[in-house]
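Asks: My questions are about this predicted structure, shown below with the sequence.
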Amino acid sequence: MLPIVRKQYNEAFTEAKYQSFLDDLNTSFGYRIPFRVAETPVFVSADLRDALQRAGDEIVDVLVRPDFKQLTAAAVPNGLHVPNEDDHTLFLALDFAVCRDENGAFLPQLIELQGFPSLYGFEDWVAHKYRTHFPVPENMTHLFGGYDSVRYRERLRQALLNGHPAENVILLEIEPMKQNTAIDFLVTEQYTGIKPVCLSEIIREGRNLFYMNNGVKTPVRRIYNRIIFDELLRRDDLTRSFNLTEDVDVEWAGHPNWFFRISKYTMPFLKSRYVPDCRFLSDYEVFPTDLENYVLKPLFSFSGQGVKYHVTTSDLGEILVAERKDYLLQRKVNYEPVLQAPDGKVKVEIRLLFLWEKDRPRPELLLNLARLSRGEMIGVKYNKDKTWVGGTVCFFEP
């Protein structure tokens, strides 16, 4: 997207440099990253950066509406409501496909959104690793709002701790070090002092929670929640004395209910040129005749599970009428291959990452995540045995 910068980067790239980069990533914490980290960052031009920010602002305008909780009142499934919900999410992630309009201008298209934390530690960390190993222009940044990494890390630390000592705040997951995102947990601990803890390790005594911290029984005052209910419901084998839906004396850094409120469930309420047509399946009296132009998505699934990219009338007919409220039909978007790899063009998806602390009127855009794909879709299973694909980060033109 910035031809001169891209040309310089590609000409300087070697497989040996890339392997050295990966070795650095995998040895920094003595942990081998299970997902593919791409050969390159994305160099984003000012026009695409500005379009992304406009798109984000229009979506945020809906999220800050005073009736947003009423709009999403039915979003949290029965039996999964967590007490003590706060006024708004702490985390916001917006995923955009990089597309072009009929005039050739960049037109980001919203793919999904989530009121749930993403790789807020890893993306800042990996941006610096790219700079260490590859030619990234000094005047380009992966952050927004005039932040540098020192200020960003302090902002993240304050948002997660909320004034508590780090030992009284935990990152809660299911077997954290077995998760694909474990590298983010390790970086977050380095940045903030917050330890990753498995749900099975929580000790509940009445309304109080504890965990063993270096052999010392330590109170939990605040939880940085990284548990996805979709996974939790499948883990009947997990022994635990605390269930997330119990009313306990703890603060949430990212209340679990926002995972449902700001999600695929929200998309039908968003009307913008940056949001493809999206409706609950239950809202259709007659299904579209051009189903080849739509994607079928279950509302309550994670990481692309259950998504049907090639939708048929029989697929829709198999869904019971009473269950259609739990599905979306979303119009497909055409990813424009915009990143020039040495052997062809690559599709790009960009995630904007916001923080929205208490008493702030709007979430603030701070960071980004990017994914590269040569396949039909962005996910790993569509990009097996391909190069110049995977997770990465954007650097923006000043």
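Replies: Good, I have the coordinates.
Asks: Now tell me what touches the lowest-mean-pLDDT helix or strand in the chain from outside.
Replies: Sorting the helices and strands of the chain by mean pLDDT, DSSP states H and E puts helix 229-232 at the bottom, at a mean of 88. Contacts to helix 229-232, defined as Cβ atoms under 8 Å, 6 or more residues apart in numbering, come from residues 77, 80, 174, 199, 238, 244, 256, 259, 300, 301, 302, 305. Just so you know, the C-beta spots here come from the backbone N, C-alpha and C atoms, and that holds for glycine as well.
Asks: if we take the residues you listed, which one ends up nearest to residue 280?
Replies: Taking Cβ to Cβ as the measure, residue 280 lies nearest residue 300 of the contacts of helix 229-232, at 12.9 Å.
Asks: quick revisit: chain center to the following helix or strand past the least confident helix or strand of the chain: distance?
Replies: Downstream of helix 229-232, the first helix or strand assigned by DSSP states H and E is strand 251-253. Put simply, strand 251-253 sits 18 Å off its chain's centre (Cα atoms, centre = their mean, to the nearest Å).
Asks: Likewise for stretch 98-115?
Replies: Using Cα atoms, centre = their mean, the offset of stretch 98-115 from its chain centre is 17 Å.
Asks: got it, and stretch 328-338?
Replies: 18 Å.
Asks: Show me which positions of it end up buried.
Replies: Using 16 or more other Cβ atoms under 10 Å as the test for burial, stretch 328-338 gives 328, 329, 330, 333, 335, 336, 338.
Asks: Check the secondary structure at the first one for me.
Replies: At residue 328, secondary structure determined by DSSP: H, G, I helix; E, B strand; the rest coil is strand.
Asks: List buried residues within the contacts of helix 229-232.
Replies: 80, 174, 199, 244, 256, 259, 300.
Asks: The third one and residue 118, how far apart?
Replies: Note on residue 199: its distance to residue 118, by Cβ to Cβ, to the nearest Å, is 20 Å.
Asks: Need the residue closest to the centroid of the protein.
Replies: residue 118 (4.1 Å; Cα atoms, centre = their mean).
Asks: helices or strands up against whichever helix in the chain runs longest?
Replies: In the chain, with assignment by DSSP state H, the single longest helix is helix 46-63. Packing partners of helix 46-63 (3 or more Cβ pairs under 8 Å, 6 or more residues apart in numbering; DSSP states H and E): strand 91-97, strand 109-114, strand 344-355.
Asks: List the strands paired with the last one, with their directions.
Replies: Which is strand 344-355. Here strand 344-355 is paired, per DSSP bridges, with strand 91-97 (antiparallel), strand 339-341 (antiparallel), strand 364-373 (antiparallel).
Asks: Now do stretch 130-137: everything it contacts.
Replies: Residues contacting stretch 130-137 (Cβ under 8 Å, 6+ apart): 5, 8-9, 12-13, 17-18, 20-21, 24, 40-41, 43, 392-393, 395.
Asks: so of those residues, which ones are in helices?
Replies: 5, 8, 9, 12, 17, 18, 20, 21, 24.
Asks: Using neighbour counts, trim the residues you listed to the buried set.
Replies: Counted by 16+ other Cβ under 10 Å, the ones in helices among the contacts of stretch 130-137 give 5, 9, 18, 21 as buried.
Asks: Surely the last one touches residue 128?
Replies: No - between residue 21 and residue 128 there is no contact, the gap being 11.5 Å when judged by Cβ atoms under 8 Å.
Asks: Residue 208 bridge partners, please.
Replies: Where residue 208 sits in a bridge, its partners, by DSSP bridges, are residue 205.
Asks: which residues touch it?
Replies: 219, 248, 249.
Asks: follow-up on the earlier one: what comes up buried for the least confident helix or strand of the chain?
Replies: In helix 229-232, counting by 16+ other Cβ under 10 Å, buried: 229, 232.
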